[in-house]
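Engineer: next comes the sequence, and after it the predicted model I'd like to discuss.
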Protein chains: 2
Amino acid sequence: MEYRKIKDEDDDHDDVASDLESLKGKSHAVAASSNIALVGAGSNERTNWKRKGVVTCALTILTSSQAILIVWSKRAGKYEYSVTTANFLVETLKCALSLLALTRIWKNEGVTDDNRLSTTYDEVKVFPIPAALYLFKNLLQYYIFAYVDAPGYQILKNLNIISTGVLYRIILKRKLSEIQWAGFILLCCGCTTAQLNSNSDRVLQTSLPGWTMAIVMALLSGFAGVYTEAIIKKRPSRNINVQNFWLYVFGMAFNAVAIVIQDFDAVANKGFFHGYSFITVLMILNHALSGIAVSMVMKYADNIVKVYSTSVAMLLTAVVSVFLFNFHLSLAFFLGSTVVSVSVYLHSAGKLRL
Amino acid sequence: MEYRKIKDEDDDHDDVASDLESLKGKSHAVAASSNIALVGAGSNERTNWKRKGVVTCALTILTSSQAILIVWSKRAGKYEYSVTTANFLVETLKCALSLLALTRIWKNEGVTDDNRLSTTYDEVKVFPIPAALYLFKNLLQYYIFAYVDAPGYQILKNLNIISTGVLYRIILKRKLSEIQWAGFILLCCGCTTAQLNSNSDRVLQTSLPGWTMAIVMALLSGFAGVYTEAIIKKRPSRNINVQNFWLYVFGMAFNAVAIVIQDFDAVANKGFFHGYSFITVLMILNHALSGIAVSMVMKYADNIVKVYSTSVAMLLTAVVSVFLFNFHLSLAFFLGSTVVSVSVYLHSAGKLRL
């Protein structure tokens, strides 16, 4: 559970990736003049594909190692730290990494219109929204457990896949081909199938308020993702680290609110770092890096790629766990993985010819 | 189990359908001159599509009511008849219906080269092969239960889907598009998912001989289906009832052998019709009609359509059983059905442009 909570909070931010970015040598001078310059430049096409591939792989590996860290930390029996403080630290770390990357870029390339930190109120005013949506969703999470148990909630979370696809279509007005939609439905079915266990059927007995909350949460999460993509892509030439900085600053602020609402007593009595261990530090580091990878995927790819990437990561985690923790895979897992694999194929085979 | 056994035996034969056929008014005079005349005739295109649709729907409905009859008969607690005698009667009934249809056709259209019963040795010699393959497969069935339990066997039977697709490609040299292959893999996954229950994982512990037998049985079953299509389609102008007559005559013969091998003592001691009830008669009637529908699908469509049709029938059965027998559907069933539905869509969306 905690893993998911941390992860969701991450979904809207980024920054070590600045290294990645400077590595690619993005030509700011050219890009500054036009919104589309970076995207359609033709000779940049291959660089864009490579960048897209690198950030997607990074997200997949980070997300799957995230889940492995969770299992490991549970095995170690250390899991008593406050999740809200960890989330706050994740945001802080991401914010710091963004600033670090920016200072490097300023040193190498000078301060330009695109990497300048002070941005207009008009540009910045949208950045609190994703963080606010996640906060609201995480607060709802406390109430949904009155209606669904934790494994049931994991199953219902796959509704995120569908809500992301639908909102991506409606809000970003980006089209998927019919084959790609088929693939997206399969992704949702495949992920759910892979998670099936003997108690999964209980989720069908979820009451109407439970379903409503699950759907609202899926919509909030999907909306936050799609909204983040919209604001990051609105000005493609803007350096991603500037955009991330603002995302993460508001992420810090809203997570501070979450600490006050949810864990004030625990933090006041036991201290901010109560229950932290080496593995907690690793998890925070991992979450920060994955959060940055999510932002990069939003910038250079899109929410659909993000959903595929994190879904494939879930399957990777299970396979790796077989070797690390002697997990054994269920038939449902094999079936679900096959469906997800076919879905990935369909997403690429079904590309709209433009 | 018995349902499956009867059903497999059916898969290669047909006949009341003659009524359907005379209804369509196939022009024998024209067709006789050329092997392709019936298929590519242009104005016949719509008639062919309609015929294909009718036989496919008939097969789906018959197959799904078949399974419902099984459940009903099990509920009634009457299930003590010998399956081999029932199979023999199914073949006999189909054979009789073929002859009946032929006599009607002879009366209406006269005896032509295409509906004449006496066919050359060269044409007839291939008809025993499907029946022999099914007999061999059914004998194997007795041994596989040393390695797999009955629900596990039901799961493994879905390998038939893949073997049919592969053999269809190799033997009939018919091409499926990549999207259609994706759909076919999904059909197999979806059907298996829909059948998952809490004990399904045991199938993964199947030993090597168990797997080998399951694969051999899938290949035998797939080969019998594809081979039947090949011999039925080899001479498209030949009346389907003549082809069915030969299929079913050999079906009777091989099932007679099966009675001797498997149930000789029971039949000798208790009589041929021991344990028969009204519902047994209904089941035999239903199996005969489904068998005929299978032949028609082989003639006017193909094995791929047959596999889709019987898979969709399985899902229909479950849905109908909710109303008839108060079954409740599992989450796995919903997921599997969705995957199967997407698969059906992909099969049609992925049609190769010729």
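Structural biologist: Received it, and whenever you're ready, just let me know what you need. Numbering: from 1, shown residues only, chains lettered A, B, ... in the order given.
Engineer: who are the packing partners of the helix or strand hosting residue A:229?
Structural biologist: Using DSSP states H and E, residue A:229 sits within helix A:208-234. The contact analysis (3 or more CB pairs under 8 Å, 6 or more residues apart in numbering or on different chains; DSSP states H and E) places helix A:208-234 against helix A:128-144, helix A:150-156, helix A:159-171, helix A:240-270, helix A:278-300, helix A:303-325. C-betas here are computed from N, CA, C, even on glycine.
Engineer: mind listing what's buried in that helix?
Structural biologist: A:210-211, A:213-214, A:217-233 (16 or more other CB atoms under 10 Å in any protein chain shown).
Engineer: picking that back up, tell me the most buried of the helices and strands packed on helix A:208-234?
Structural biologist: Each of the helices and strands packed on helix A:208-234 was scored by mean neighbour count; the highest is helix A:278-300, a mean of 24, by mean count of other CB atoms under 10 Å in any protein chain shown.
Engineer: now do that helix, average pLDDT.
Structural biologist: What helix A:278-300 shows for mean pLDDT is 92.
Engineer: what does stretch A:197-209 give?
Structural biologist: Here the average pLDDT along stretch A:197-209 is 87.
Engineer: cool, stretch A:169-177 as well?
Structural biologist: pLDDT averaged over stretch A:169-177 gives 91.
Engineer: convert the C-alpha atoms of that stretch to CSV, please.
Structural biologist: The C-alpha trace of stretch A:169-177 is given here as CSV (Å, rounded to 0.1, in the frame of the first residue of the first chain):
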residue,chain,number,x,y,z
ARG,A,169,-8.4,11.3,-25.4
ILE,A,170,-10.8,13.9,-24.0
ILE,A,171,-8.5,16.4,-22.4
LEU,A,172,-5.4,16.2,-24.6
LYS,A,173,-7.5,15.4,-27.7
ARG,A,174,-4.9,12.9,-28.8
LYS,A,175,-6.3,10.1,-30.9
LEU,A,176,-5.6,6.4,-30.4
SER,A,177,-6.5,4.0,-33.3
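Engineer: pLDDT wise, what is residue A:71 at?
Structural biologist: 75.
Engineer: show me the contacts for it.
Structural biologist: Each residue near residue A:71 by CB atoms under 8 Å, 6 or more residues apart in numbering or on different chains is listed here: A:321, A:324, A:325.
Engineer: any chance of these in JSON lines, plus distance to residue B:279 and pLDDT?
Structural biologist: JSON lines is the format used below for the contacts of residue A:71 (distance: CB to CB, whole Å; pLDDT from 0 to 100):
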{"residue": "A:321", "distance to residue B:279": "49", "pLDDT": "86"}
{"residue": "A:324", "distance to residue B:279": "54", "pLDDT": "86"}
{"residue": "A:325", "distance to residue B:279": "51", "pLDDT": "85"}
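Engineer: nearest to residue B:91, of those residues?
Structural biologist: residue A:321 (51.9 Å; CB to CB).
Engineer: what residues are up against the closest one?
Structural biologist: A:68, A:71, A:327.
Engineer: what does chain A have sitting close to chain B?
Structural biologist: A:155, A:178-179, A:182, A:185-186, A:189-190, A:192-193, A:196, A:198, A:200-201, A:203-204, A:329-332, A:334-336, A:338-339, A:342, A:345-346, A:349-350 (CB under 8 Å from any CB of the partner chain).
Engineer: returning to what we had before: relative orientation of the helix holding residue A:229 and helix A:278-300 in degrees?
Structural biologist: Between the axes of helix A:208-234 and helix A:278-300, defined by axes from the mean of the first three to the mean of the last three CA atoms, to 10 degrees, the angle is 60 degrees.
Engineer: got the residue ranges for the helices in the stretch 1-150 of chain A?
Structural biologist: Listed from the start of the chain, the stretch 1-150 of chain A has helices (DSSP state H, counting those that start in this stretch) covering A:2-10, A:18-24, A:28-31, A:37-40, A:44-75, A:83-109, A:121-124, A:128-144, A:150-156.
Engineer: I'd like those written out as JSON lines, with distance to residue B:295 added.
Structural biologist: Output for these, formatted as JSON lines (distance: least, CB to CB, whole Å):
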{"stretch": "helix A:2-10", "distance to residue B:295": "54"}
{"stretch": "helix A:18-24", "distance to residue B:295": "62"}
{"stretch": "helix A:28-31", "distance to residue B:295": "66"}
{"stretch": "helix A:37-40", "distance to residue B:295": "57"}
{"stretch": "helix A:44-75", "distance to residue B:295": "49"}
{"stretch": "helix A:83-109", "distance to residue B:295": "63"}
{"stretch": "helix A:121-124", "distance to residue B:295": "70"}
{"stretch": "helix A:128-144", "distance to residue B:295": "54"}
{"stretch": "helix A:150-156", "distance to residue B:295": "43"}
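Engineer: between these, which gets nearest to residue A:246?
Structural biologist: helix A:121-124 (5.5 Å).
Engineer: list the buried residues for that closest one?
Structural biologist: A:123, A:124.
Engineer: ditto for stretch A:269-278
Structural biologist: A:276, A:277.
Engineer: assign a three-state SS to residue A:273, would you?
Structural biologist: The assignment at residue A:273 comes out as coil when based on DSSP: H, G, I helix; E, B strand; the rest coil.
Engineer: mind checking pLDDT for it?
Structural biologist: 88.
Engineer: could you measure from it over to residue A:88?
Structural biologist: Applying CB to CB, to the nearest Å, the value for residue A:273 to residue A:88 is 11 Å.
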